[in-house]
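Asks: Dropping a prediction and its sequence here:
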Amino acid sequence: MSNRREHQELSGVVSAFAYLLAKKAQNEPVDTGTFIASIFGGVAVGGLPDIIEPATGANHRGPAHSWTAAVGTVHLSKQAWESPKLKNEQKAFLIAMGAAYLSHLLADSDTPAGLPLLE
């Protein structure tokens with residue numbers, strides 16, 4: 001997937017779904033405002049890899065487009081989920097943002113260039 005619009009659409013859907021799953025796991029009702037924010041936030045966060053490393057050629061992928069970034073995103077999301085300092089609503093939102101970033105990386109991993117381990 002190389003199209004910015006496709007990344008944004010995928011990230012928005014994935015972040016919304018991740019937020020809903022987090023609220024289900026927390027056994028709490030969905031907050032409409034945070035749900036909407038997770039969609040718009042997901043669209044923005046899903047575009048971060050290409051903002052950090054703009055596509056200047058076929059091999060533009062560096063650290064922000066790497067499997068190392070994916071593992072780091074999963075780790076940070078887990079830390080947020082387990083943090084006693086965050087409210088459940090904040091945890092659900094951060095899980096959605098992590099999922100949005102990961103959706104970009106996973107979509108790019110299916111292209112001929114793939115993702116580097118660490119560039």
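Replies: That came in fine, so what should we check first?

Asks: Show me which helix or strand of the protein is least confident by mean pLDDT.
Replies: Taking mean pLDDT, DSSP states H and E as the measure, the helices and strands of the chain show their lowest mean at helix 48-52, namely a mean of 87.

Asks: Can you spell out which helices and strands pack onto the helix or strand that that helix is followed by?
Replies: Sequence order places helix 67-82 as the next helix or strand after helix 48-52, per DSSP states H and E. Helices and strands touching helix 67-82, by 3 or more Cβ pairs under 8 Å, 6 or more residues apart in numbering; DSSP states H and E, are helix 88-109. For every residue, glycine as well, the C-beta is placed using N, CA and C.

Asks: what's the distance between the helix it packs on and the middle of its chain?
Replies: A distance of 3 Å separates the C-alpha centroid of helix 88-109 from that of its chain, computed with Cα atoms, centre = their mean, to the nearest Å.

Asks: what comes up buried for that helix?
Replies: By neighbour count with 16 or more other Cβ atoms under 10 Å, helix 88-109 contains the buried residues 89, 91-105, 107-108.

Asks: list the buried ones in the least confident helix or strand of the chain?
Replies: Under the neighbour-count criterion of 16+ other Cβ under 10 Å, helix 48-52 has 48, 49, 50 buried.

Asks: Residue 77 versus residue 40, what's the distance?
Replies: Counting by Cβ to Cβ, to the nearest Å, the gap from residue 40 to residue 77 is 19 Å.

Asks: okay, those two: which has more neighbours?
Replies: In this view residue 40 and residue 77 are compared by other Cβ atoms under 10 Å, and residue 77 has more residues nearby, 21 against 12.

Asks: Next, give phi and psi for residue 117.
Replies: When read as degrees, to the nearest 10, the backbone of residue 117 gives phi -60, psi -50.

Asks: so how many other residues sit close to the residue lying closest to it once chain neighbours are set aside?
Replies: In space, and not counting its chain neighbours, residue 117 is closest to residue 67: 5.2 Å by Cβ to Cβ, 6 or more residues apart in numbering. For residue 67, the tally of surrounding residues (other Cβ under 10 Å) stands at 14.
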